[in-house]
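Participant: curious how this folds, go ahead:
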Amino acid sequence: MMDKSKYLRRILVLFMLLLMISCEEEREPPYYGSEEKFHLSMFSGVIGWSSDLMEKGPQDHILIRSDSLYPCCNWTIDVLQDNSQDGILLSLEGLVVPEICLTAIGPSTYSGTIDLNSEAFTIEVSNGYSSDLIELSVSDTLISVTSDDLTFLSIDESFIWRHRPNTFVYSCGTMEETRWIFEDFRDSILTIGGIEQFYFADYGVIPYPRTSGGYYVDHPCLYFKYSDVSQWEEVKARLIDFSSTILPPYSGVGVFVTNHEGDAILSWLYD
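Facilitator: Numbers count the residues shown, from 1 in each chain. Purely as a prediction, here's the structure:
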């Protein structure tokens, strides 16, 4: 008769083998079917805070995400890009599943950059079953997206305001009792010679955030332009001083300035 402990060990080994097989099966990426839908969006500017992204500077970005949600939020879309003088073809080839799973449910995504070198530009997207065509009207300040009879794509926003050189955003979040901080540092910025406030339209995607985020009071972001880099350096110096001398007694406050190239000063690094 088989020893009971040996029997249990064999059962355990069999269980582990089955578990490993099931895990491997779960890692197999599902394939996109003809019924899969996608969202396409665009952004002009700098995405992210890494030094590598800042070195590249502001660019025009195209972003695609699937309607379907997957077990790992870092699954991406395998896209082949074919460029021409006045357009690009994006072929959605399937899913890319990395070795490490970020275990949060999310869509599969794609992020790429495009060189908008003509006033009339087209983006054709193919999913292996059909193709959708998007037409862009491009100027120095605005990308306007038009599309008809799309089969599997949805366009998130039809107007994308492009990045502007020598500009920056001022963002401020406070508590209710420290609302004065928002206007206090804004007034300090406006005393710098050569700094001028400007405004984006209320509609469309802009290259900066529209409000601060995550604070008890999220103030609207303000936008400024400067004529010389020395004026931008003065803005940064003032925020560093403001963060180290004015802000330390107050909690729940965050102030930052970021220019069109992604150069930024964050108050919480200096308070």
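Participant: quick check: closest non-adjacent residue to E124.
Facilitator: In space, and not counting its chain neighbours, E124 is closest to L89: 4.8 Å by C-beta to C-beta, 6 or more residues apart in numbering. Heads up, the C-betas are built off the backbone N, CA and C, glycines and all.
Participant: secondary structure element holding that neighbour?
Facilitator: Using DSSP states H and E, L89 sits within strand 87-96.
Participant: got it, and F182?
Facilitator: helix 180-190.
Participant: centre of the chain to the strand holding L89, how far?
Facilitator: 19 Å (C-alpha atoms, centre = their mean, to the nearest Å).
Participant: what helices or strands is that strand leaning on?
Facilitator: strand 59-70, strand 76-84, strand 106-114, strand 120-126 (3 or more C-beta pairs under 8 Å, 6 or more residues apart in numbering; DSSP states H and E).
Participant: can you give me the helices in the stretch 151-271 of the chain?
Facilitator: 180-190, 229-245 (DSSP state H, counting those that start in this stretch).
Participant: need those in JSON lines (columns: mean pLDDT).
Facilitator: Formatted as JSON lines, those follow (pLDDT from 0 to 100):
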{"stretch": "helix 180-190", "mean pLDDT": "98"}
{"stretch": "helix 229-245", "mean pLDDT": "97"}
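Participant: as TSV, those with mean neighbour count would be great.
Facilitator: What follows is the helices of the stretch 151-271 of the chain, written out as TSV (neighbours: other C-beta atoms under 10 Å):
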stretch	mean neighbour count
helix 180-190	16
helix 229-245	16
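Participant: of all these, which one is nearest I123?
Facilitator: Distance to I123, taken as C-beta to C-beta, is lowest for helix 229-245 among the helices of the stretch 151-271 of the chain, at 33.6 Å.
Participant: C-alpha coordinates for that closest one, PDB please?
Facilitator: Provided in PDB are the C-alpha atoms of helix 229-245 (Å, rounded to 0.1, in the frame of the first residue of the first chain):
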ATOM      1  CA  VAL A 229      14.200  82.300 -21.100                       C
ATOM      2  CA  SER A 230      15.600  84.500 -18.300                       C
ATOM      3  CA  GLN A 231      12.000  85.400 -17.400                       C
ATOM      4  CA  TRP A 232      11.100  81.700 -17.200                       C
ATOM      5  CA  GLU A 233      14.200  81.100 -14.900                       C
ATOM      6  CA  GLU A 234      12.900  84.000 -12.700                       C
ATOM      7  CA  VAL A 235       9.500  82.300 -12.400                       C
ATOM      8  CA  LYS A 236      11.200  79.100 -11.300                       C
ATOM      9  CA  ALA A 237      13.400  80.900  -8.800                       C
ATOM     10  CA  ARG A 238      10.400  82.700  -7.300                       C
ATOM     11  CA  LEU A 239       8.500  79.400  -6.800                       C
ATOM     12  CA  ILE A 240      11.500  77.800  -5.100                       C
ATOM     13  CA  ASP A 241      11.700  80.800  -2.700                       C
ATOM     14  CA  PHE A 242       7.900  80.800  -2.200                       C
ATOM     15  CA  SER A 243       7.900  77.100  -1.500                       C
ATOM     16  CA  SER A 244      10.700  77.300   1.200                       C
ATOM     17  CA  THR A 245       9.600  80.500   2.900                       C
END
